[in-house]
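Trainee: sharing a model that was predicted from the sequence below.
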Amino acid sequence: MIKKEMVWEMELDETILEDLYTWIDSLPLSRLKKRIERDFSDGVLVAEVIRYYLPDLVEMHNYTPANSIQQKKANWGTLNKRVLSHFGLDIPETIIQGLCNGKPGLVEVLLYNLRLKIDEELDLQQKFQHSPRQGGHSQMSYESGRTTKATTTLHSMTSRGGRLTKGDMKRGVPRLEFEEIRQQNLQQQEEIEVLHAKIRRLEHVLQLKDIRINELSKTVEDVRPTRPTAIKKS
């Protein structure tokens, strides 16, 4: 799969930002969100977000809460190399500088893309956990059949007393061809899961917009003046 570079100049609309802040507030982080660009400037809370969902990827002792630009850069450098690169979210040096200085808008873009990547990773993990029950049996049967056929072929070759050459190995065990097909299949499945994750994210955004529209409609109804009751003349 070709990994696209993240667009740091992207603008997130009010609905997406509101959803993003609600998500961050729901997580058990070591610091409360007051000014997000300042609170996340040392990279520690970003590491905590990832560790909450994917604990095997993050060791918190590698990240020290910091006020100095030097230590902040060290945290981001470690996070970039050991964790974010795993998601294809490598941060350029100029962006790290901006994050350390609390430049408005940068950390929101990072968290938005990071959330998508976390969702994709969790979806893939869930898929692999359930694969033995869903599609694992047929895959194992296929591999078993190929292995049995290859073993029979090799046994036939050696039982004739002939010397087993590299050509015989290629004809008996076409493992490379099988691995190429398997990798292509895994790549296609991964791309499908990524698309599914994006669709779910868009559906969630639409739901938030519907909720907001209903709230505004109710507010309009509440403030709309009622018609005065006509006074009957005696």
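Mentor: Right, received. Where do you want to start?
Trainee: helices along the chain, start to end?
Mentor: Per DSSP state H, the chain carries helices over the ranges 14-25, 36-39, 44-53, 69-82, 93-100, 106-131, 137-159, 166-172, 175-223.
Trainee: what average pLDDT does the last one get?
Mentor: Right, the one you point to is helix 175-223. Average pLDDT, helix 175-223: 73.
Trainee: now the angle between helix 14-25 and that helix, please.
Mentor: 110 degrees (axes from the mean of the first three to the mean of the last three CA atoms, to 10 degrees).
Trainee: one step back: just name the most buried of the helices of the chain.
Mentor: The highest mean neighbour count among the helices of the chain, using mean count of other CB atoms under 10 Å, belongs to helix 44-53: a mean of 20. In this view, the C-beta of every residue, glycine as well, is placed from N, C-alpha and C.
Trainee: residues contacting stretch 78-92, please?
Mentor: Residues outside stretch 78-92 that contact it (CB atoms under 8 Å, 6 or more residues apart in numbering) are 3, 6, 43, 46-47, 50, 57-58, 62-63, 76, 96, 99, 110, 113-114, 117-118, 121.
Trainee: for the protein, name the helix or strand with the lowest mean pLDDT.
Mentor: Lowest by mean pLDDT, DSSP states H and E among the helices and strands of the chain is helix 137-159, with a mean of 43.
Trainee: and the gap between the residue lying closest to residue 194 once chain neighbours are set aside and residue 93?
Mentor: Nearest residue to residue 194, sequence neighbours excluded (CB to CB, 6 or more residues apart in numbering): residue 120, at 5.3 Å. Distance of residue 120 to residue 93, computed by CB to CB, to the nearest Å: 26 Å.
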